[in-house]
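J.: please work out how this folds:
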Amino acid sequence: MDKRSIAVTRVVNACVLLEIDGHAVLTDPWFTERWFLRFGEPLGLHIADLPPLAAVVVTNPATNHWDLRALSMLPGKDSTPVYVPTRRMARQAAALGFRYAEQLGWGQERDIAPGVTMRVVPSGRTLMWRNNAYAFSTAGSHLFFGGEVAEAASLERYRAEHPRVDVALLPVNGLRPLFGPRLVMGPAHAVAGASVLGATTLIPVHDAHGRDPLSALFRPTGTASDAVALAGPGLRVVDLPTGERWEPAR
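T.: Numbering: from 1, shown residues only. Purely as a prediction, here's the structure:
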């Protein structure tokens, strides 16, 4: 892998393998289904397929973003940092054997690898907990991951104080409970959010929604294909199948 590069492989939902200047980061781990919670799309990678990780970053404690069963099987617990939005999640990771499990609040930064800085970006709330988004910066590229972003307002505040990003990963299925506000961005919100960030490439995440008991309570309102259709000429939307590795054209 080129050490001055970005590459993205979708695993499922908001679980993504990011490769940033030669360093691998796993987002929102989800590798095992439950009887009440199904993928809704093929699993793109298995845990055994993962390279050594520079970090695991998590947006929120929902099972399809924070799969404790899968994390218990993840190798490298002695050396892989796990960054999470709540103290309880940090304790859970530590109980599984991760030596470096840390709650990070909005605005905090960490150097996750030589030349790679990560900043935690406010991403609203789901019920009682804060959601984290993550901005990754290197000398030559900027990447934004928001696995549970619902509104573009937080992205506007981030962009007002930081450089534009090259690649934005944002949710598109607009998941909404039968009663209550939308939980994540829909296609139009994701396209608008990517434009706010100054991104030239949007990679949709949080796309499919499986047929399971929870689907009776939560309904999607869009897809990655809708985002492709809505994007203007200045934004490329990459409808990335799970398991397929993408990197920018050179």
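J.: helix, strand or coil: sort out the nearest residue to Leu17 once chain neighbours are set aside for me.
T.: Once flanking residues are discounted, Leu17 sits nearest to Thr9: 4.3 Å by Cβ to Cβ, 6 or more residues apart in numbering. To be clear about C-beta, it is placed using only N, CA and C from the backbone, and glycine gets the same treatment. Recorded secondary structure, Thr9: strand (DSSP: H, G, I helix; E, B strand; the rest coil).
J.: tell me, how many residues neighbour Thr9?
T.: 21 (other Cβ atoms under 10 Å).
J.: wait, it sits on Glu244?
T.: Yes: the criterion here is Cβ atoms under 8 Å, and Thr9 meets it with Glu244 at 7.0 Å.
J.: what residues do the two have in common as contacts?
T.: Residues within reach of Thr9 and of Glu244 at once, by Cβ atoms under 8 Å, 6 or more residues apart in numbering, are Gly44.
J.: sorry, back to before: Arg91 versus the residue nearest to Leu17, what's the distance?
T.: 30 Å (Cβ to Cβ, to the nearest Å).
J.: in this protein, where's the longest strand?
T.: When the chain is scanned for its longest strand (criterion: DSSP state E), the result is strand 116-126.
J.: and stretch 77-97, which residues are buried?
T.: Within stretch 77-97, the residues that qualify as buried by neighbour count (16 or more other Cβ atoms under 10 Å) are 77, 80-86, 89-90, 92-93, 96.
J.: distance between it and the chain's centre?
T.: The gap between where stretch 77-97 is centred and where its chain is centred comes out at 17 Å by Cα atoms, centre = their mean, to the nearest Å.
J.: on that earlier part again, show the subsequent helix or strand relative to the longest strand of the chain.
T.: strand 129-137 (DSSP states H and E).
J.: and that following strand, what does it pack onto?
T.: Here strand 129-137 touches strand 82-84, strand 116-126, strand 142-145, going by 3 or more Cβ pairs under 8 Å, 6 or more residues apart in numbering; DSSP states H and E.
J.: Glu156 is nearest to which of the ones you listed?
T.: strand 116-126 (11.1 Å; Cβ to Cβ).
J.: in contact with the residue nearest to Leu17, which residues are there?
T.: Per Cβ under 8 Å, 6+ apart, neighbours of Thr9: Val16, Leu17, Glu19, Gly44, Leu45, Gly243, Glu244, Arg245, Trp246.
J.: what about the third one, neighbour count?
T.: Spelled out, it's Glu19. 19.
J.: same question for Val191, what's its three-state structure.
T.: Looking at Val191 with three-state DSSP, the answer is helix.
J.: burial count for the residue lying closest to it once chain neighbours are set aside?
T.: Once flanking residues are discounted, Val191 sits nearest to Leu230: 4.9 Å by Cβ to Cβ, 6+ apart. Other residues within reach of Leu230, judged by other Cβ under 10 Å, total 18.
J.: pLDDT wise, what is Leu230 at?
T.: For Leu230, the model assigns a pLDDT of 97.
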